[in-house]
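S.K.: Below: sequence and its predicted model.
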Amino acid sequence: MAVPVLHVCDKFGVRGSSIHGVSRLFSWWFPRYDRSRFDVSLCGLKHPEPATAWLADQGIPVHHLRRGRFDPRILRDLVSLARHRGARILHVHGYAAADFGRLAARAVGAKLVLHEHFADPRMPSYQALADRLLRDRTDGAIAVSGSTREFLVTSDSCPRTASGSSGTGRPSRSSLPCRGSGPSPPAVSSALPTTPSSWARSGA
């Protein structure tokens, strides 16, 4: 049976750019998941953005919570959505997603994978405190580089033993369309572990 995975993301675009780097990653990842192994879905904390409309055009719908980053109702909404989806892994991207996601994963009994996309030299002090309080609720962490992994560990976002680096996740044949005819790149899950104890270390 496919493992339900809920990706949770703070935001999909940045000021001055309609397509954020993580949105591009979702457009690469989602069509390449092995659907026999992972049932993946995507949630955004905020209101719809140009980037989420673009993702929907790629066949990747986004469930929007329509909340502000500090809105405590995010926790209730995430717990409800995770239970509805039967999520067994929450894969979080961004500070608010990491904070509320770690609490929601514990509430529904799911594994929590934190994905760090860059080392933030201006990380807010409130986030440093949240990371210290929630670090032990992180089952696994993925960093895009060795330096980003060190940032995760030294900022107390997660235990060193729970973290690893995996590169950006960009497919080696990114010039190929995500959909359409012709050979497709290997499925994202082709190198992922399959045992329940290792899900949190996977790239799901």
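M.R.: Okay, I see it. Numbering: from 1, shown residues only.
S.K.: got the residue ranges for the strands in the protein?
M.R.: Secondary structure of the chain, counting by DSSP state E: strands at 3-9, 38-44, 63-64, 89-93, 111-116, 140-143, 163-165.
S.K.: I'd like the ones you listed written out as CSV, with mean neighbour count, mean pLDDT and distance to L25 added.
M.R.: All C-beta atoms are positioned from the backbone trio N, CA, C, and that covers glycine. Rendered in CSV, the data for the strands of the chain read as follows (neighbours: other C-beta atoms under 10 Å; pLDDT from 0 to 100; distance: least, C-beta to C-beta, whole Å):
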stretch, mean neighbour count, mean pLDDT, distance to L25
strand 3-9, 25, 98, 10
strand 38-44, 22, 97, 11
strand 63-64, 16, 98, 18
strand 89-93, 26, 97, 9
strand 111-116, 25, 93, 9
strand 140-143, 25, 86, 11
strand 163-165, 18, 47, 15
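S.K.: Adding distance to L55, write these out as CSV.
M.R.: Formatted as CSV, the strands of the chain follow (distance: least, C-beta to C-beta, whole Å):
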stretch, distance to L55
strand 3-9, 10
strand 38-44, 7
strand 63-64, 11
strand 89-93, 13
strand 111-116, 17
strand 140-143, 20
strand 163-165, 25
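S.K.: got the end-to-end distance for stretch 31-48?
M.R.: In stretch 31-48, first residue to last residue: 21 Å (C-alpha to C-alpha, to the nearest Å).
S.K.: Sketch out the low-pLDDT regions of this protein for me.
M.R.: Judged by pLDDT under 70, the chain has its weakly predicted residues at 15-18, 155-204.
S.K.: can you map out the helices along it?
M.R.: Ranges of helices within the chain are 21-29, 50-57, 73-85, 95-108, 125-134, 146-154, based on DSSP state H.
S.K.: of these, which approaches V40 most closely?
M.R.: Each of those was scored for nearness to V40 using C-beta to C-beta, and the closest is helix 21-29 (8.0 Å).
S.K.: quick one: buried residues of that closest one?
M.R.: Neighbour-count burial for helix 21-29, counted by 16 or more other C-beta atoms under 10 Å, picks out V22, S23, R24, L25, F26, S27, W28, W29.
S.K.: In the sheet, which residues pair with the nearest residue to the first one once chain neighbours are set aside? Tell me.
M.R.: Nearest residue to V22 in three dimensions, chain neighbours excluded: H93, at 5.6 Å (C-beta to C-beta, 6 or more residues apart in numbering). Partner residues in beta bridges with H93, using DSSP bridges, are C9, H115.
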